Structures are given as structure tokens and as C-alpha cells.
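> My questions concern the predicted model and sequence given below.
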Amino acid sequence: RTPLIGAVNGVAAGLGMVEALYCDVRFGSPSARFTSAFSRRGLIAEYGISWILPRLVGHSRAMDLLLSSRMVDAEEALRIGLVDHLVESRDVLDAAVEYANDLATHCSPTSMATIKTQLHRDADTSYADAADRAEQLMFAAFQGPDVVEGVASFLEKRPPNFPPLPVRTPNVPL
């Protein structure tokens, strides 16, 4: 439910690449490199990478990366969407932590959890279904405490004090 922020400062190969792709936002340094390595080891596309990778880079690029298991450097990784931010090697972890701190300080945990759910659920639905679901979710958000706090903190020029996410139980969908 919470954002996963990754920092890659070296080679992410095989399962390491898959784990980096599990992150919602990825930071990379100029020394970041990515390879699936699977086909060069006689393996298949493991751990769901065949589902994740095309959604990040497109079908043809995913096919290229998985079939060839070629090494992708940091600049290509940024260009094709394997990383979202490219920062200096000595700053990559600090940049990822700073980004995560900004989310934790300024963003509603409930909003972020809902947005993550929307992105996952709406990936394979029609625009009309996604828009209908968004309208329902927006109505629910207007009824919740986060929108009141978000607007108040903006008007009062102070950091927001959003409530934490509820403990996950079978009866709590987020």
C-alpha cells in the first residue's frame, strides 16, 4: 500500500533486476546497469518480470531485453523507463531517501495507497471503467478527513498532518 522507492548504484541482474522493477519509483546512478540474464543462463523470464517489464518499457523493448539478456546502461535505462531519476553515484541513495521523505511529509498515505491501487487495477481496463471508478473514489475522498487536512494545511501554509493508513484487516480494502 505504501510507495516502494528503489536506488540502483551498480548492476541489477536477474532477480536483482526484477526486485528493482518491483519498486514504484526507481533512482539510478550513472553506474547503474540492468540485465535480465535469464536467457543467457538457460532460464525463463522469472518472478513476474514478463508481466512487469512490458508495462514499464513496452512490449517490443521488453521482448528485446528478455530475449537478448543484454546489459542496459544508466542512460538507456532512463530513456526507456527502467529508472525514473538519474543522479550522481554518491547521491543516489540520498536522493531516493529524500524523495521518500517528501512523500511521507507532504502526501496523504490514503491517497497514495488508493492511487497505487488505481494504477494496478486500471492497467487492463477501459478508460470508461477507470473514469467511473475514479469518480466513485473521488466522492469517497471528499467524505474523508484527508481532503480537509490537505486543504487546511495548504491554506495555513504548513505541512499536512495526515492520519496513517488503517491496519490492514480482511474488512479494510486498502
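Thanks, I have it.

> so residue 144 touches residue 114, yeah?
No. Residue 144 lies out of contact with residue 114 (Cβ atoms under 8 Å); the separation is 9.9 Å. For every residue, glycine as well, the C-beta is placed using N, CA and C.

> Looking at those two now, which is surrounded by more residues?
residue 114 (21 against 15; other Cβ atoms under 10 Å).

> in which helix or strand would I find that one?
Secondary structure from DSSP states H and E places residue 114 in helix 109-122.

> immediately after that helix, which helix or strand?
helix 127-143.

> just checking, what packs against that following helix?
helix 109-122 (3 or more Cβ pairs under 8 Å, 6 or more residues apart in numbering; DSSP states H and E).

> ok, and what's touching the helix it packs on?
Helix 109-122 is contacted by residues 1-3, 24, 103, 129-130, 133-134, 137, 141, 144, 146, 162-165, 174 when judged by Cβ atoms under 8 Å, 6 or more residues apart in numbering.

> what's the angle from it to helix 127-143?
170 degrees (axes from the mean of the first three to the mean of the last three Cα atoms, to 10 degrees).

> Run through the helices of the chain in chain order.
Applying DSSP state H to the chain gives helices spanning 15-22, 49-57, 59-68, 74-80, 92-106, 109-122, 127-143, 145-155.

> mind listing what the residue nearest to residue 160 when sequence neighbours are not counted touches?
Spatial nearest neighbour of residue 160, chain neighbours left out: residue 153 (3.8 Å); criterion: Cβ to Cβ, 6 or more residues apart in numbering. Residues in contact with residue 153 (Cβ under 8 Å, 6+ apart) are 159, 160, 161.

> Kindly list the main-chain dihedrals of the last one?
Note on residue 161: backbone dihedrals following degrees, to the nearest 10 are phi -120, psi 70.

> Name all residues that make contact with the residue nearest the centre of the chain.
The residue lying closest to the centre of the chain (Cα atoms, centre = their mean) is residue 24, at 1.1 Å. With contact taken as Cβ under 8 Å, 6+ apart, residue 24 is in contact with 3, 4, 5, 116.

> Likewise for residue 107?
Residue 107 touches residue 162, counting by Cβ under 8 Å, 6+ apart.

> what pLDDT does it get?
Per-residue confidence (pLDDT) for residue 107: 91.

> Could you do residue 26 as well?
Turning to residue 26, the model gives it a pLDDT of 96.

> residue contacts, it?
Residue 26 makes contacts with 5, 6, 7, 8, 20, 82, 83, 84, 85, as judged by Cβ under 8 Å, 6+ apart.
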